[in-house]
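A.B. asks: Generate a structure from the sequence data that follows.
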Amino acid sequence: MKNTMKNLAVALAVVAAAGCGPSGEDAYEEEFSQSRYAAEMQSMMETCMAMQRNGGLPGIAGGENRSLEFATGQIDFSKKDEVGYPLQIKCTVSGDGQARTFTFNRETPDAGWMLAP
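C.D. replies: Residues are numbered from 1 along each chain as shown. Sure thing, here's the model as predicted:
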């Protein structure tokens with residue numbers, strides 16, 4: 001779990017830095033962490049972690065001993081509160097020398113996250 005939260009912090013920092021210049025990254029990271037897009041990332045992260053723990057990800061054994069990373073592609077920092085649907089975020093689960101990437105989709109703001117086929 002500690003690695004997961006560290007990876008989320010790194011992902012948020014990378015996304016925030018990608019949308020802004022090198023100065024003031026801490027302020028941008030903080031601002032991004034309060035955005036709608038960050039809330040969507042958090043929601044998908046929780047879904048991915050729960051599926052991994054419960055053995056719900058194809059080809060990945062359940063349990064706690066995994067590292068998770070999240071990728072959204074570049075986003076325009078100025079549009080961090082303008083989330084469009086359907087929304088797609090990727091979750092990479094690694095462990096035992098292997099890594100698998102899963103794509104999660106959310107069709108509407110009220111829909112749950114679904115593992116893409």
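A.B. asks: so who does the nearest residue to A116 once chain neighbours are set aside touch?
C.D. replies: Sequence neighbours aside, T103 is the residue nearest to A116 in space, at 4.1 Å (criterion: Cβ to Cβ, 6 or more residues apart in numbering). (Each C-beta comes from the backbone N, C-alpha and C, glycine too.) Contacts for T103 were tallied using Cβ atoms under 8 Å, 6 or more residues apart in numbering; they are Q88, I89, K90, C91, L115, A116.
A.B. asks: and P86, what is it in contact with?
C.D. replies: The contact partners of P86, by Cβ under 8 Å, 6+ apart, come to N105, R106, E107, T108.
A.B. asks: Show me which pair in those is furthest apart.
C.D. replies: Set against one another by Cβ to Cβ, those have their most distant pair in N105 and T108, with a gap of 10.5 Å.
A.B. asks: Spatially central residue in this protein, please.
C.D. replies: Residue closest to the mean C-alpha point of the chain, counted by Cα atoms, centre = their mean, is F70 at 3.7 Å.
A.B. asks: Helix, strand or coil: sort out S78 for me.
C.D. replies: Using DSSP: H, G, I helix; E, B strand; the rest coil, the structure places S78 in helix.
A.B. asks: actually M44, not the one I typed
C.D. replies: M44 carries the three-state label helix when classified by three-state DSSP.
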